[in-house]
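>>> Just a sequence and a predicted model for now, questions to come.
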Amino acid sequence: MAQISEIKKRISGVNDIKQMTRAMQLISAVKMRRARQQLEKTLPFFMLCAKTMVELDEMGVHIDHPFFQLRKHKTGDTWKIGYFILTGDQGLAGAYNLNVLTTTEKHIRMKTVDNVQKGMNTETKLYVAGKIGKERLARNGFDVDKNFHYAINAPTFYRARDIADYIYDLYVSGQLDLVYFIYTKMESAINMTPMVTRVLPVNAKALSELVPTGFDLPGRGIQANSDIEYVPSLDHVIDYLINTYMNGMVYGVLTEAYASEQTARMIAMDNATDNASDMMEKLTLESNRARQSKITNEISEIVGGAEVLAQQDK
Amino acid sequence: MTAIKKINLEIVTPYAILFNEAVDMVIMPARDGELGILPGHAVMMAAITSGELRIKRGDDWRLLAVSSGYAEIAQDMAIVIVNAAEWGDEIDVPRAEYAQDRAEKRMTAANTPAMERVHARHALERAKARLKVAEHYANSQKGHHP
């Protein structure tokens, strides 16, 4: 009977897929664990930078510094906004890529409308890491920078410094007025949210919110309001601080996005493996039924045949 | 009031809290020259550049190559937050030499944009700092004082 061999073929096909999704799940789990360890290790560095920035802001010492001030624009001017978007090189990660892309499109639309209402123009430039996001955003008609090539896999601080330098140059040379990061943040082991964070100019208010609740640095750092001497000068200290902050920020975001992607893929592949198991169960049942009915058929044929023979003998 | 005898020195990099102990003295590579910190130092924030950071405990000195960052200093503590740091014995000398070479080429090449030249100069400073610390460390192993 053709039906059984067909079902058998499907079962082996589903089984192959199941083994593949299972392997992908295991790989993602390993990568995720590594990425999360990396993330935890970088937290003190990043938080100290963030804390110093917030303290300086509270002391009000750096009001005039270009990295803390929104550039002034009047009616008819154009805001040049740069988005650094972190997506995956691969799919098969549930809604991971899609969430980042929809968040991006929504934010760009919102900014544009906002500026139109103020009588200003908006110029957006997209710097995308990850093949999926790059292709899709370019296809949807956004201005995606073609010279921005950074791998999304296994982030290193070295790569983060490169990207930070790149952003720094664009901002300082006036090619960008505002710099946003769009990436995915891990709220918990299973919950991931797409985030839009302004990196430049520094937004101290938003920065203080980034510090996770319960993260405390007892006795660390200079207390605000004490009389501080700056060596060699406040401007120089801020320059170095900004540089360190940018590197830390980029590295943190890269690691966070990478950990999220791996987690998303792990969950998606776990579900796929479960579904494959369910399907195999159903198919096995179907194949057993088919075999059963085939046997029943054969028996009734034999019995029928035997009866005919018995009647002929009479 | 008892005099402050030690500084709690903390060195933080993106990869780890590298060091967190009480020390007698620390000399750090500040932007405008070396900065020696003894217990009881005035509250200060300093820009740290690529160079050699020296830690003194008793008669023992430890050497660390750091890249740029900043430091917060108070009477009984110092936090050094830098982009990278390596102990004298951990430095990969061939790699540092390669980085130095590459940075020099990038700086002198005619078609390098001005901004990239700045980054190349920083890379060169980092490589030089690492080579210097590696050399000092090697000398100290031979019995020379750092």
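All right, it came through fine.

>>> List the contacts of the residue nearest to B:G51 when sequence neighbours are not counted.
Nearest non-adjacent residue to B:G51, counting by C-beta to C-beta, 6 or more residues apart in numbering or on different chains: B:P29, 2.7 Å away. Just so you know, the C-beta spots here come from the backbone N, C-alpha and C atoms, and that holds for glycine as well. B:P29 sits next to B:35, B:48-53, B:66, B:129 when contact means C-beta atoms under 8 Å, 6 or more residues apart in numbering or on different chains.

>>> Which of those residues sits closest to B:N111?
B:S50 (25.5 Å; C-beta to C-beta).

>>> Quick one, grab the pLDDT at the closest one.
pLDDT recorded at B:S50 is 91.

>>> quick one: B:T112 from B:R102, how far?
Using C-beta to C-beta, to the nearest Å, we find B:T112 at a distance of 12 Å from B:R102.

>>> meant to ask about A:K80, not that
A:K80 sits 32 Å away from B:R102, going by C-beta to C-beta.

>>> quick one, strands of the stretch 101-250 of chain A?
A:121-129, A:178-186, A:192-200, A:229-231 (DSSP state E, counting those that start in this stretch).

>>> And the contacts of the third one?
Spelled out, it's strand A:192-200. Contacts for strand A:192-200 (C-beta under 8 Å, 6+ apart): A:67, A:84, A:96, A:99-100, A:102-103, A:107, A:167, A:171, A:176, A:178-187, A:206, A:210, A:246, A:249, A:253, A:260, A:263-264.

>>> Helices of chain A, residue ranges please.
A:2-59, A:96-117, A:131-139, A:157-172, A:204-210, A:234-313 (DSSP state H).

>>> Next: chain B.
B:93-108, B:114-141.

>>> So which of those is the most surrounded?
helix B:114-141 (a mean of 18; mean count of other C-beta atoms under 10 Å in any protein chain shown).

>>> mean confidence score for it?
85.

>>> Let me know the angle separating that helix from helix B:93-108.
150 degrees (axes from the mean of the first three to the mean of the last three C-alpha atoms, to 10 degrees).

>>> angle of helix B:114-141 against helix A:234-313?
Inter-element angle recorded for helix B:114-141 and helix A:234-313: 90 degrees (by the same axes, to 10 degrees).

>>> Any idea how far helix B:114-141 is from the middle of the chain?
Distance of helix B:114-141 from the chain centroid (C-alpha atoms, centre = their mean, to the nearest Å) equals 10 Å.

>>> repeat for stretch B:73-89
7 Å.

>>> low-scoring pLDDT stretches of chain B, where are they?
Residues of chain B meeting the criterion pLDDT under 70: B:1-3, B:143-146.

>>> hey, what's the residue nearest to B:G51 bridged with?
Beta-bridge partners for B:P29, by DSSP bridges, are B:E34.

>>> Using the record's assignment, carve chain B into domains.
Split into domains by automatic domain parsing, chain B comes to B:7-88, B:90-141.

>>> hmm, the last one touching chain A?
Think domain B:90-141. Yes - using C-beta under 8 Å from any C-beta of the partner chain, domain B:90-141 comes into contact with chain A via B:115, B:119.

>>> circling back: just the strands of the stretch 101-250 of chain A: most buried one?
strand A:178-186 (a mean of 22).

>>> any idea which residue sits dead centre in chain B?
B:V66 (3.0 Å; C-alpha atoms, centre = their mean).

>>> wait, isn't that residue in contact with B:G88?
No - in this structure, B:V66 is not within contact of B:G88 by C-beta atoms under 8 Å, at 11.7 Å.

>>> Enumerate the residues of the stretch 51-200 of chain A near chain B.
So the stretch 51-200 of chain A meets chain B at A:52, A:157, A:160-161, A:165, A:169, A:172-173 (C-beta under 8 Å from any C-beta).

>>> Tell me where the model's unsure across the stretch 101-250 of chain A.
In the stretch 101-250 of chain A, residues with pLDDT under 70: A:210-226.

>>> how about 80 then?
A:187-190, A:203-227 (pLDDT under 80).

>>> where does the closest residue to A:M279 other than its chain neighbours land on pLDDT?
Nearest-residue entry for A:M279: A:V14, 5.2 Å, with adjacent residues in sequence omitted and distances by C-beta to C-beta, 6+ apart. Note for A:V14: predicted pLDDT of 92.

>>> what about A:V14, distance to B:H122?
55 Å.

>>> what's the answer for A:K106, then?
In this structure, A:K106 and B:H122 are 37 Å apart, going by C-beta to C-beta.

>>> try B:D89
B:D89 is 25 Å from B:H122, by C-beta to C-beta.

>>> what's the answer for B:A65, then?
Counting by C-beta to C-beta, the gap from B:A65 to B:H122 is 14 Å.

>>> cool, A:G94 as well?
40 Å.

>>> again with A:I267
41 Å.

>>> ditto for A:K294
Distance from A:K294 to B:H122, by C-beta to C-beta: 76 Å.

>>> What of B:N111?
For B:N111, the distance to B:H122 - C-beta to C-beta - is 19 Å.

>>> Then A:Y96?
35 Å.

>>> do the same with A:L86
A:L86 is 25 Å from B:H122, by C-beta to C-beta.

>>> go on, B:Q75?
From B:Q75 to B:H122 the distance is 32 Å (C-beta to C-beta).

>>> Repeat that for A:I182.
Distance from A:I182 to B:H122, by C-beta to C-beta: 28 Å.

>>> Same question for A:A259.
For A:A259 relative to B:H122 (C-beta to C-beta), the value is 29 Å.

>>> does A:T87 really touch A:G130, like I thought?
Yes - between A:T87 and A:G130 there is a contact under C-beta under 8 Å: 3.5 Å.

>>> Which one of these two is surrounded by more residues?
A:T87 (29 against 23; other C-beta atoms under 10 Å in any protein chain shown).

>>> got the contact list for the more buried one?
A:T87 touches A:96-97, A:100-101, A:128-134, A:152, counting by C-beta under 8 Å, 6+ apart.

>>> can the residues you listed go into CSV with extra columns for distance to A:K74?
As requested, the contacts of A:T87 are exported to CSV (distance: C-beta to C-beta, whole Å):
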residue, distance to A:K74
A:Y96, 40
A:N97, 38
A:V100, 33
A:L101, 33
A:V128, 31
A:A129, 34
A:G130, 37
A:K131, 40
A:I132, 39
A:G133, 34
A:K134, 35
A:I152, 39
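
>>> quick check, nearest of the residues you listed to A:M279?
Of those, the one sitting nearest to A:M279 (C-beta to C-beta) turns out to be A:Y96, at 23.7 Å.

>>> Fine by me, thanks again.
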